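J.: Sequence plus predicted model, see below.
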Amino acid sequence: KNRIANWEKMYPFSLAAPALLALLATSAPHYLVGISPNTSSAGRRISLRLRANPSIPDGTAPTSLALQPPTIAADFDAVLSSRYACTRFRPYSTLPPGIPTAGNPDPATVSAARSALSVCLATTPTGFNVQPYRAFLISSPEARTALSRACIGRNSDRVRQSDVSVVFLADRECGRDIADYIRLMEGRGPITDPSPGAWGRKYRKLSVLVLLFSSGYSLPRVISAPISAGLRMGVATTQFVLRRIGSPSFRSRKGLVLPTLSSAETWSYKNTMLLAMSFMLGMTARSVQTCPMEGYDAGEVRKALGVKGRYGVPIIVCAGTAFHDPEEGGEEETTDDVGVKHGSKRKGGRGGTPRYRYDELVEEL
């Protein structure tokens, strides 16, 4: 609808006015609603003034009711309840039986994966915004076939039968890209201070913290691993001594609280898994089933992708269409090859994975 620059109309004040205002505020975010009470001989009236919202540019679609705060939680819960580990995928293109080769993928699924991954890369949090990961979106039949040879058991079938597989790589030597990281934090533009070493001075503390927490030194792993282990042992020993000096409140006041450090693999893996989980939820929101997988030779995966040993392979996520769609009749497989049942108990037709109760896992203080 056309934007309304200035429009004012008098509405009789009634009990329906709050509902009208709520409807305007949620369904027409392009407009700012001004309210002013009016008293006249005709009775109590309310003046509604609608004017164009300058914060929203022309040509943009108004925010849907589904994105309003009361509905966000329900929508998010629905996505969480709908996500499950799909144990078998229906190939988009059929191949002769007995041939271990991937077929052509569903273009819609590939497009959904590209869209979901783009959003996740732009929004997923990481320590110090380092983003210590890379991802390979694999959809071509040749690449999926090569990747399947590095997987074990039915994981190999899932890679071939799904439409797309995303290999998430964790950078265990993120310190090698510290210069690129500084340029990213600077906005990829010229530094404000042109004097020599300006970047080093401005980001010296940040760079030290990144290397301290990530253990991603720009050194060969045979050298960096012992350095990381020695540093972590030194910090742990210092923590042990400080715990015996005084109470936690005393140490906190004196600034004697030290962080617990992680190995390069642990730090990079936990940051990468945030991206992988966000991707799976994004695909579920796009009505695409996913399956997070372990069970592969990480060295062979790196060889198939042509990447260096600095990257770990914490997880591979396959995405596609379930082998049996419950809406089309028939039952979908919910049990994998080791007997684990997958799915949410809150979503019918998915089997349901047994879960511990809330009070068994959560302690409220």
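T.: That came in fine, so what should we check first?
J.: ranges for the strands of the stretch 51-200 of the chain?
T.: 133-138, 164-171 (DSSP state E, counting those that start in this stretch).
J.: Which of those strands sits closest to residue 353?
T.: Nearest of the strands of the stretch 51-200 of the chain to residue 353, taken as C-beta to C-beta: strand 164-171 at 22.1 Å. The way it works is simple: take the backbone N, C-alpha and C, and place the C-beta from them, glycine included.
J.: pLDDT on the closest one, on average?
T.: Summarised as a single mean, pLDDT over strand 164-171 is 98.
J.: Only C-alpha atoms, please: export that strand in CSV.
T.: Extracted in CSV, the C-alpha atoms of strand 164-171 (Å, rounded to 0.1, in the frame of the first residue of the first chain):
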residue,chain,number,x,y,z
VAL,A,164,24.0,-31.0,0.3
SER,A,165,26.7,-31.6,3.0
VAL,A,166,28.4,-28.9,4.9
VAL,A,167,31.8,-29.7,6.3
PHE,A,168,32.6,-27.4,9.2
LEU,A,169,36.3,-26.9,9.8
ALA,A,170,37.8,-25.5,13.0
ASP,A,171,40.9,-23.4,12.7
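J.: who does that strand pair up with?
T.: When pairing is defined by DSSP bridges, strand 164-171 lines up against strand 133-138 (antiparallel), strand 311-320 (antiparallel).
J.: so where's the stretch 251-365 of the chain shaky on pLDDT?
T.: Residues of the stretch 251-365 of the chain meeting the criterion pLDDT under 70: 324-352.
J.: before we move on, the earlier item: tell me which of the strands paired with strand 164-171 lies nearest to residue 253.
T.: Among those, strand 133-138 comes nearest to residue 253, with 37.6 Å by C-beta to C-beta.
J.: Just the buried residues of that closest one, please?
T.: The neighbour-count check on strand 133-138 (16 or more other C-beta atoms under 10 Å) flags 133, 135-136, 138 as buried.
J.: which one among those gets closest to residue 97?
T.: Out of the buried residues of strand 133-138, the member with the shortest distance to residue 97 (by C-beta to C-beta) is residue 138, at 23.5 Å.
J.: Just give the closest residue to that closest one, not the sequence neighbours.
T.: Leaving aside its sequence neighbours, residue 138 sits nearest to residue 165 (C-beta to C-beta, 6 or more residues apart in numbering; 4.8 Å).
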